[in-house]
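> heads up, no residue letters with this:
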């Protein structure tokens with residue numbers, strides 16, 4: 001019998017948990033998303049992204065209800081994508097208005113703006129889910145802290161902490177400093 005170090009056994013158990021989770025639930029999640037979206041390719045992308053989130057978890061073996069967890073994670077990814085498209089649409093509408101008023105915008109300016117939107121999306125992706133969701137509900141949807149608290153099922157003071165955390169994170173990301 002081999003006597004493997006604890007770290008190796010933990011890593012092997014984690015890998016087995018992830019392998020089992022993927023093999024037992026990937027087809028189900030893909031089918032569930034395909035029914036919701038009506039597009040097999042988009043469903044495959046979202047299923048992949050949901051499993052990437054699982055890979056990033058510290059202890060995936062603590063997931064008690066895998067399908068509920070995966071459905072919630074995929075639902076949040078759908079919401080994030082919808083919000084990103086909403087930002088892109090708003091920007092494109094602003095560009096259209098600007099082009100009508102002052103002529104066609106410079107293609108380089110459009111490229112820089114799209115890069116900026118992508119940077120914002122990546123910056124927000126670095127936040128914990130509830131923090132990011134609270135921040136977007138506040139900034140994009142214009143909800144009050146009380147409304148956000150109701151939607152996220154937390155207290156308004158927790159929402160205030162989430163927003164503060166998001167703002168500090170954004171500041172540090174923009175200025176190249178390490179987040180707290």
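Sure thing, it's come through. Bear in mind the structure is a predicted one, so any value in this text is a computation, not a measurement.
> and the helix or strand of the chain with the lowest mean pLDDT, which residues are buried?
Counting by mean pLDDT, DSSP states H and E, the chain has its least confident helix or strand at helix 107-125, which shows a mean of 78. Across helix 107-125, burial judged by 16 or more other CB atoms under 10 Å covers 113, 123-124. Where C-beta positions appear, they are placed from N, C-alpha and C, glycine not excepted.
> residues contacting the following helix or strand past that helix, please?
With elements assigned by DSSP states H and E, the helix or strand that comes after helix 107-125 is helix 129-139. Contact partners of helix 129-139, identified using CB atoms under 8 Å, 6 or more residues apart in numbering, comprise 76, 79-80, 83, 124-125, 127, 143, 145, 147-148, 151-152, 154, 159, 162-163, 165-167, 169.
> how about a cut-off of 10 Å?
Residues from elsewhere that reach helix 129-139 (CB atoms under 10 Å, 6 or more residues apart in numbering): 53, 72-73, 76-77, 79-80, 83-84, 86-87, 123-128, 143-145, 147-149, 151-154, 158-167, 169-170.
> can you give me the distance of the closest residue to residue 154 other than its chain neighbours to residue 159?
Using CB to CB, 6 or more residues apart in numbering and skipping residues adjacent in sequence, the residue nearest residue 154 is residue 130, 7.3 Å away. Taking CB to CB, to the nearest Å as the measure, residue 130 falls 9 Å from residue 159.
> what touches both of those two?
Common neighbours of residue 130 and residue 159 (CB under 10 Å, 6+ apart) are 148, 152.
> neighbour count winner among these two?
More crowded of residue 130 and residue 159, by other CB atoms under 10 Å: residue 159, with 26 against 17.
> mind listing what's buried in the helix or strand containing the more buried one?
Residue 159 is part of helix 156-174 when elements are defined by DSSP H and E. For helix 156-174, burial by neighbour count (16+ other CB under 10 Å) applies to 158-159, 162-163, 165-166, 169-170, 173.
> run through who's touching it.
For helix 156-174, contacts defined as CB under 10 Å, 6+ apart pick out 119-120, 122-124, 126-128, 130-139, 143-152, 154-155, 177-180.
> next: stretch 31-45.
Contacts for stretch 31-45 (CB under 10 Å, 6+ apart): 25-26, 29-30, 46-47, 50, 67, 70-71, 74-75, 77-78, 81.
> put the buried members of these into a ChimeraX selection.
Buried members of the contacts of stretch 31-45, defined by 16+ other CB under 10 Å, are picked up in ChimeraX with:
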select :25,26,29,30,46,47,50,70,71,74,77,78
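> among the contacts of stretch 31-45, which lie within helices?
Mapping the contacts of stretch 31-45 onto helices (DSSP state H) picks out 25-26, 29-30, 46-47, 50, 67, 70-71, 74-75, 77-78, 81.
> pick out the lowest-pLDDT one from those residues.
Lowest pLDDT of the ones in helices among the contacts of stretch 31-45: residue 81, 84.
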